[in-house]
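Peer 1: Structure of the sequence below:
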Amino acid sequence: MLQGYVHPDFGRVADALTRQIPRNRPGGAALTVYHKGQCVVDIWGGTRNRDGDAWRSDTLSLSFSTTKGVASTLLHVLVDDGLLHYDDPVSYHWPEFGQRAKQPITVRQLLCHEAGLYHIRDMIDDAEQMVDWNYMVSALERATPIHTPGATNGYHALTFGWLIGELIQRVTGKSFAQVLQEKLAGPLGLDGLYVGLPESQMKRRAELVNSIGSAERRFQPERLAHSAFLTTVTKGLKVANINLESTISALVPRGAIYLDFNQPEFINACIPAANGMFTARSLAKLYAMLANGGEIDGVRILSRDTVNNIMQIQNRTMGDVIPVPMHWRLGFHRIFALGHPTGHSFGHFGFGGSGAWADPVRNLSAAMTLNSGVGTPFGDARMVQLTGTIVSCAERRYVLPDAEDVRGIGPFFPRERRTTYDTARRLMTGVLPKRRKTDLSVV
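Peer 2: You can find the predicted model right below:
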């Protein structure tokens, strides 16, 4: 049974989430939606652990790669502050990074996964080393790009966090957690945005009920199921003629199957690509700020120009790691919704089903956190289904004002006549994604 608030126009969203929450077994979720700067859905339900304790309004949940969108947003704030620029060489701010053919790598290439530094399996001996920030930074400094930077893209599934995180620490002289609090969580009034969970907040966390990395005997069936899933994926990649070696190199460091994501050592560490502990409420408000041109509730976090830069598609080709063109923006990927155009939406989803996205055309954002499910590196079908329902509900209220009133990013919800997403986006100025001259293939 769900708890929370739902605006009447978004009742179908609550119905959709109800169908997704596990029944007769552990598992819970939370979903928050913002429309035109207002919270229209804030609901939660299910259980937060295997013992059956109820999910609460302030429950924090491990959100895996959804963390990358938060880390990217934080870097964009620092660009807005003038501390660095997208086309700066990373080594300008982080001199030790420049060794072994990495001097030409730019901040932009890090954000759009073109640096060629995704091969974590070759960088470390055991997945447990990921909880040691200094060790991982040193490993990246010693690494050699696996391809010419900028020549193609490959999803930096794990290394993205230390690349962006260390850059943030270098230009600010502060820890990643401190900058996150000062630049995003504090100004936006977010009480559920952590990368490296403090001990004081541990009581709020949900436990993954499908955790595969436990040595306890009672979890052996889950590990076997995970192994079977990996086998199935492996066969599928071979049939599709995908470079399986690159995929495994980026996604599966040695010993990963024994890494327990529920253990405090993992939860307390700072891994900005993989271990953010969030509430759906905090994520959705963060993305509502992006959907509204960098401002919400009278607080401006980013300039409109920076939000416009974020939206620009940097590459459209299929990468070396993920067999799907992700249309990488600066730190964000494309968003899919069943039956609705979302070409100008962006966000980041995570393993296990979490995700958050912004739609500046509709001035719409959504975020989901949960503690059940495995799926792909970008979650599973649940968020896609919810996104379609959320967009459908928003478009039922969607009316367009006079064209001369439409400028840049903003709400387009008018009273006189019905319109379409394509009409609205054509009236927007300066925010449409563009292809780069070097981008030869469009999928």
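
Peer 1: Quick one: the strands in this protein, in order.
Peer 2: Using DSSP state E, the strands of the chain run over 3-6, 28-35, 38-46, 61-62, 193-195, 276-278, 295-296, 299-300, 346-349, 355-359, 364-370.

Peer 1: Just list what the second one packs against, helices and strands only.
Peer 2: When contacts are defined as 3 or more CB pairs under 8 Å, 6 or more residues apart in numbering; DSSP states H and E, strand 28-35 packs onto helix 11-20, strand 38-46, helix 280-291, strand 364-370, helix 381-395. Heads up, the C-betas are built off the backbone N, CA and C, glycines and all.

Peer 1: and if you look at the third one?
Peer 2: Contacting strand 38-46 under the criterion 3+ CB pairs under 8 Å, 6+ apart are the following elements: strand 3-6, helix 11-20, strand 28-35, helix 280-291.

Peer 1: before we move on, back to that, any chance of the strands of the chain in JSON lines with mean pLDDT and mean neighbour count as columns?
Peer 2: Converted to JSON lines, those look like this (pLDDT from 0 to 100; neighbours: other CB atoms under 10 Å):
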{"stretch": "strand 3-6", "mean pLDDT": "97", "mean neighbour count": "16"}
{"stretch": "strand 28-35", "mean pLDDT": "98", "mean neighbour count": "28"}
{"stretch": "strand 38-46", "mean pLDDT": "98", "mean neighbour count": "21"}
{"stretch": "strand 61-62", "mean pLDDT": "98", "mean neighbour count": "28"}
{"stretch": "strand 193-195", "mean pLDDT": "98", "mean neighbour count": "25"}
{"stretch": "strand 276-278", "mean pLDDT": "98", "mean neighbour count": "28"}
{"stretch": "strand 295-296", "mean pLDDT": "98", "mean neighbour count": "20"}
{"stretch": "strand 299-300", "mean pLDDT": "98", "mean neighbour count": "12"}
{"stretch": "strand 346-349", "mean pLDDT": "98", "mean neighbour count": "29"}
{"stretch": "strand 355-359", "mean pLDDT": "98", "mean neighbour count": "30"}
{"stretch": "strand 364-370", "mean pLDDT": "98", "mean neighbour count": "31"}
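
Peer 1: I'd like those strands laid out as CSV, including distance to residue 102.
Peer 2: Converted to CSV, the strands of the chain look like this (distance: least, CB to CB, whole Å):
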stretch, distance to residue 102
strand 3-6, 47
strand 28-35, 39
strand 38-46, 43
strand 61-62, 31
strand 193-195, 24
strand 276-278, 26
strand 295-296, 36
strand 299-300, 35
strand 346-349, 24
strand 355-359, 30
strand 364-370, 34
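
Peer 1: out of these, nearest to residue 114?
Peer 2: Among those, the nearest to residue 114 by CB to CB is strand 346-349 (16.7 Å).

Peer 1: Output the below-cut-off pLDDT ranges for this structure.
Peer 2: Within the chain, the segments meeting pLDDT under 70 span 211-243, 398-443.
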